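Q: I would like to see how this sequence folds:
(one chain, ligands or ions: 2)
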Amino acid sequence: MQFDLRQLGRKGSGTIRDEHVDRTFQPSEFPASVVEDEEYKVVGPVHLVMDIHKDGEAYRVTGRVETRLQLECGRCLEAFEIPVDSPFELRYVPAPVAAGDPGSVEAEREVTEDDLTTSYYKEDSIDLGELMHEQFVLALPMKPLCSDACRGLCVHCGTNLNKSTCDCAPRWTDPRLAALEGLLKTNKE
Ligand SMILES: [Zn+2]
Ligand SMILES: [Zn+2]
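A: Ligands and ions are numbered 1, 2, ... in the order given. From the prediction side, this is the model:
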(Lines give C-alpha, C1' and ligand atoms only; values in the text may rest on other atoms or scores of the structure.)
(Ligands and ions follow the chains in the order given, each with its own letter.)
Protein backbone atom coordinates (compact mmCIF):
# COMPACT_ATOMS: atom_id res chain seq x y z
CA MET A 1 0.00 0.00 0.00
CA GLN A 2 2.72 2.43 -0.94
CA PHE A 3 2.10 5.48 -3.04
CA ASP A 4 5.11 6.29 -5.19
CA LEU A 5 5.67 10.04 -5.00
CA ARG A 6 7.96 9.95 -8.01
CA GLN A 7 4.81 9.63 -10.11
CA LEU A 8 4.28 13.32 -9.50
CA GLY A 9 7.64 14.25 -10.91
CA ARG A 10 6.93 12.62 -14.24
CA LYS A 11 4.01 14.88 -14.99
CA GLY A 12 4.50 18.31 -16.55
CA SER A 13 7.53 20.45 -16.03
CA GLY A 14 6.29 23.00 -13.51
CA THR A 15 7.67 23.15 -9.98
CA ILE A 16 4.27 22.46 -8.41
CA ARG A 17 2.53 19.23 -9.27
CA ASP A 18 -0.73 17.67 -8.20
CA GLU A 19 -1.98 14.15 -8.27
CA HIS A 20 -5.49 12.83 -7.69
CA VAL A 21 -5.72 9.40 -6.09
CA ASP A 22 -8.89 7.32 -5.99
CA ARG A 23 -8.43 3.78 -4.74
CA THR A 24 -10.50 1.06 -3.17
CA PHE A 25 -8.95 -1.58 -0.91
CA GLN A 26 -10.54 -4.81 0.25
CA PRO A 27 -10.59 -5.67 3.98
CA SER A 28 -8.31 -8.63 3.23
CA GLU A 29 -5.61 -6.22 2.04
CA PHE A 30 -5.13 -4.92 5.56
CA PRO A 31 -2.28 -6.97 6.96
CA ALA A 32 -3.03 -9.17 9.93
CA SER A 33 -0.29 -7.51 12.00
CA VAL A 34 -2.06 -4.17 11.74
CA VAL A 35 -5.51 -5.58 12.38
CA GLU A 36 -4.88 -8.01 15.24
CA ASP A 37 -3.23 -5.74 17.77
CA GLU A 38 -5.69 -2.94 17.27
CA GLU A 39 -9.12 -2.44 18.64
CA TYR A 40 -10.77 -2.52 15.26
CA LYS A 41 -11.14 -4.76 12.27
CA VAL A 42 -11.73 -3.49 8.76
CA VAL A 43 -14.95 -5.12 7.54
CA GLY A 44 -15.94 -3.07 4.50
CA PRO A 45 -14.18 -1.99 1.33
CA VAL A 46 -11.98 1.02 2.04
CA HIS A 47 -12.44 3.92 -0.32
CA LEU A 48 -9.57 6.38 -0.28
CA VAL A 49 -9.76 9.61 -2.28
CA MET A 50 -7.05 12.22 -1.98
CA ASP A 51 -5.18 15.00 -3.70
CA ILE A 52 -1.44 15.26 -3.33
CA HIS A 53 0.14 18.62 -3.81
CA LYS A 54 3.91 18.81 -4.10
CA ASP A 55 5.48 21.77 -2.38
CA GLY A 56 9.25 21.56 -2.52
CA GLU A 57 10.35 18.62 -0.41
CA ALA A 58 6.96 18.43 1.29
CA TYR A 59 3.66 17.05 0.11
CA ARG A 60 0.28 18.29 1.20
CA VAL A 61 -2.32 15.55 1.16
CA THR A 62 -6.03 16.33 1.39
CA GLY A 63 -8.59 13.61 1.21
CA ARG A 64 -11.15 11.37 2.73
CA VAL A 65 -11.32 7.72 3.71
CA GLU A 66 -14.52 5.73 3.96
CA THR A 67 -15.16 2.24 5.27
CA ARG A 68 -16.82 0.19 8.00
CA LEU A 69 -14.97 -0.95 11.11
CA GLN A 70 -15.89 -3.66 13.53
CA LEU A 71 -15.32 -2.93 17.22
CA GLU A 72 -15.99 -4.74 20.46
CA CYS A 73 -18.54 -3.21 22.82
CA GLY A 74 -16.90 -2.10 26.07
CA ARG A 75 -19.93 -3.27 28.08
CA CYS A 76 -21.28 -6.46 26.53
CA LEU A 77 -18.18 -7.49 24.49
CA GLU A 78 -20.29 -8.14 21.38
CA ALA A 79 -18.91 -7.09 18.01
CA PHE A 80 -20.60 -4.16 16.31
CA GLU A 81 -19.83 -2.01 13.28
CA ILE A 82 -19.38 1.70 12.83
CA PRO A 83 -19.25 3.62 9.57
CA VAL A 84 -16.15 5.73 9.01
CA ASP A 85 -16.07 8.71 6.70
CA SER A 86 -13.08 10.78 7.71
CA PRO A 87 -11.71 13.82 5.96
CA PHE A 88 -8.03 14.51 6.55
CA GLU A 89 -5.40 17.03 5.71
CA LEU A 90 -1.80 15.99 6.19
CA ARG A 91 1.63 17.21 5.43
CA TYR A 92 4.38 14.81 4.50
CA VAL A 93 7.99 15.76 4.94
CA PRO A 94 11.08 13.61 4.35
CA ALA A 95 11.76 11.27 7.28
CA PRO A 96 14.42 12.83 9.52
CA VAL A 97 17.84 11.29 9.09
CA ALA A 98 20.36 10.55 11.84
CA ALA A 99 20.76 13.27 14.50
CA GLY A 100 23.42 15.84 13.78
CA ASP A 101 22.67 15.82 10.10
CA PRO A 102 21.54 19.27 8.92
CA GLY A 103 18.69 17.54 7.10
CA SER A 104 16.93 16.64 10.36
CA VAL A 105 17.01 20.26 11.53
CA GLU A 106 15.35 21.24 8.31
CA ALA A 107 12.61 18.64 8.77
CA GLU A 108 11.93 19.76 12.33
CA ARG A 109 11.57 23.36 11.31
CA GLU A 110 9.00 22.39 8.72
CA VAL A 111 6.94 20.50 11.28
CA THR A 112 6.18 23.66 13.24
CA GLU A 113 5.32 25.67 10.16
CA ASP A 114 1.55 25.22 10.34
CA ASP A 115 -1.14 23.31 12.17
CA LEU A 116 -1.32 20.40 9.78
CA THR A 117 -0.60 16.95 11.09
CA THR A 118 2.85 16.06 9.91
CA SER A 119 3.87 12.63 8.78
CA TYR A 120 7.04 11.38 7.22
CA TYR A 121 7.64 9.75 3.90
CA LYS A 122 10.51 7.44 3.15
CA GLU A 123 12.13 6.41 -0.08
CA ASP A 124 9.88 8.65 -2.15
CA SER A 125 6.70 6.94 -1.10
CA ILE A 126 3.78 7.46 1.24
CA ASP A 127 2.63 4.47 3.25
CA LEU A 128 -1.10 4.47 2.56
CA GLY A 129 -1.70 1.60 5.00
CA GLU A 130 -0.28 3.73 7.80
CA LEU A 131 -2.19 6.80 6.65
CA MET A 132 -5.50 4.91 6.71
CA HIS A 133 -4.67 3.21 10.02
CA GLU A 134 -4.10 6.63 11.62
CA GLN A 135 -7.43 7.88 10.31
CA PHE A 136 -9.24 4.78 11.63
CA VAL A 137 -7.70 5.19 15.07
CA LEU A 138 -8.79 8.85 15.12
CA ALA A 139 -12.32 7.79 14.15
CA LEU A 140 -12.64 5.28 17.01
CA PRO A 141 -15.01 6.33 19.78
CA MET A 142 -13.45 6.98 23.21
CA LYS A 143 -15.67 4.32 24.67
CA PRO A 144 -16.95 1.81 22.12
CA LEU A 145 -20.57 0.89 22.84
CA CYS A 146 -22.87 -1.18 20.64
CA SER A 147 -25.61 1.22 21.74
CA ASP A 148 -25.92 3.94 24.38
CA ALA A 149 -28.55 1.79 25.99
CA CYS A 150 -26.36 -1.32 26.13
CA ARG A 151 -27.06 -3.11 29.42
CA GLY A 152 -23.75 -4.95 29.44
CA LEU A 153 -22.99 -8.24 31.12
CA CYS A 154 -24.18 -9.34 34.52
CA VAL A 155 -21.18 -8.90 36.82
CA HIS A 156 -22.09 -12.11 38.64
CA CYS A 157 -22.95 -14.67 35.97
CA GLY A 158 -21.84 -13.00 32.73
CA THR A 159 -25.25 -13.12 31.07
CA ASN A 160 -25.58 -10.60 28.25
CA LEU A 161 -28.40 -8.49 29.66
CA ASN A 162 -29.32 -7.16 26.20
CA LYS A 163 -30.31 -10.67 25.17
CA SER A 164 -31.70 -12.24 28.30
CA THR A 165 -32.11 -11.77 32.01
CA CYS A 166 -30.69 -13.61 34.97
CA ASP A 167 -31.65 -13.98 38.61
CA CYS A 168 -28.59 -12.23 40.01
CA ALA A 169 -29.79 -8.63 39.83
CA PRO A 170 -32.22 -8.57 42.77
CA ARG A 171 -29.88 -10.55 44.99
CA TRP A 172 -27.38 -8.66 47.13
CA THR A 173 -24.15 -10.53 46.79
CA ASP A 174 -21.74 -7.85 47.93
CA PRO A 175 -20.81 -9.01 51.46
CA ARG A 176 -21.12 -5.48 52.85
CA LEU A 177 -24.56 -5.13 51.30
CA ALA A 178 -25.52 -8.60 52.47
CA ALA A 179 -24.77 -7.52 56.02
CA LEU A 180 -26.96 -4.49 55.52
CA GLU A 181 -29.70 -6.67 54.06
CA GLY A 182 -29.48 -8.84 57.17
CA LEU A 183 -29.89 -5.72 59.32
CA LEU A 184 -32.95 -4.62 57.39
CA LYS A 185 -34.47 -8.06 57.80
CA THR A 186 -33.85 -7.99 61.53
CA ASN A 187 -35.59 -4.63 61.75
CA LYS A 188 -38.62 -5.95 59.94
CA GLU A 189 -38.99 -8.89 62.30
ZN1 LIG B 1 -22.95 -3.66 24.16
ZN1 LIG C 1 -26.47 -12.81 36.50
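
Q: pLDDT at the residue nearest the centre of the chain, what is it?
A: In the chain, the centroid-proximal residue (Cα atoms, centre = their mean) is residue 137; its distance is 1.3 Å. Note on residue 137: pLDDT of 89.

Q: Look at it and tell me its secondary structure.
A: Here residue 137 is helix, with the state taken from DSSP: H, G, I helix; E, B strand; the rest coil.

Q: ok, now how distant is it from residue 129?
A: 13 Å (Cβ to Cβ, to the nearest Å). To be clear about C-beta, it is placed using only N, CA and C from the backbone, and glycine gets the same treatment.

Q: One more: residue 150?
A: 32 Å.

Q: and if you look at residue 54?
A: From residue 54 to residue 129 the distance is 21 Å (Cβ to Cβ).

Q: who has more neighbours, those two?
A: residue 54 (19 against 16; other Cβ atoms under 10 Å).

Q: shouldn't the more buried one be in contact with residue 17?
A: Yes: using Cβ atoms under 8 Å, residue 54 is in contact with residue 17, at 4.7 Å.

Q: now the helices: where do they sit in the protein?
A: 6-9, 32-36, 102-111, 128-139, 175-188 (DSSP state H).

Q: So what touches the shortest one?
A: With contact meaning Cβ atoms under 8 Å, 6 or more residues apart in numbering, helix 6-9 is reached by 17-19, 52, 54, 59, 124.

Q: List buried members of the residues you listed by neighbour count.
A: 17, 19, 52, 54, 59 (16 or more other Cβ atoms under 10 Å).

Q: Which residue, neighbours along the chain excluded, lies closest to the second one?
A: In this case it means residue 19. residue 52 (4.5 Å; Cβ to Cβ, 6 or more residues apart in numbering).
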